[in-house]
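Engineer: can't give you the sequence, but here's the structure:
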């Protein structure tokens, strides 16, 4: 920073503007592209619509980048769980990731959420980090997609 130039201000928020989040994400992506020569970051969603209303009621969101599938969010309402729909959603996300050239997938779930579900789909535990409430952990998982 040049002498006499005011220092940037730093602040904490729990409600960042979408434009600010996009600026940070895009800047990081530009850096990654410069460093790797690979420009392959793409969003990915597998959505479930209610046939009566057409509204999205659940599904999976994530992204693919640098040969990896990242599963960010995955939710189904209780009435749709145990029907095979979750397995189909995850399979479709994995298939799309393979079409995009991904070699592996990564995600995290919470110990009271779905590590057993992911394990039955061929995902394996990379590690766990304790969190609250006591006895709970974040479970980081991966799957080979080759």
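Structural biologist: Perfect, thanks for sending it. Remember, predicted model here, so these are calculated numbers, not experimental data. Numbers count the residues shown, from 1 in each chain.
Engineer: Can you check which helix is longest in this protein?
Structural biologist: Criterion DSSP state H: the longest helix present in the chain is helix 18-36.
Engineer: by contact count, what packs against the next helix-or-strand element following that helix?
Structural biologist: Downstream of helix 18-36, the next assigned helix or strand under DSSP states H and E is strand 42-49. In terms of contacts (3 or more Cβ pairs under 8 Å, 6 or more residues apart in numbering; DSSP states H and E), strand 42-49 is packed against strand 56-65, helix 85-99. (Each C-beta comes from the backbone N, C-alpha and C, glycine too.)
Engineer: Give the partner strands of strand 42-49 in its sheet and their orientations.
Structural biologist: Neighbouring strands of strand 42-49 in its sheet, by DSSP bridges, are strand 56-65 (antiparallel).
Engineer: Give me the residues contacting the partner strand.
Structural biologist: Strand 56-65 is contacted from outside by 32, 40-50, 69-77, 80, 89-90, 93, 96-97, 100, 102, 107, using Cβ atoms under 8 Å, 6 or more residues apart in numbering.
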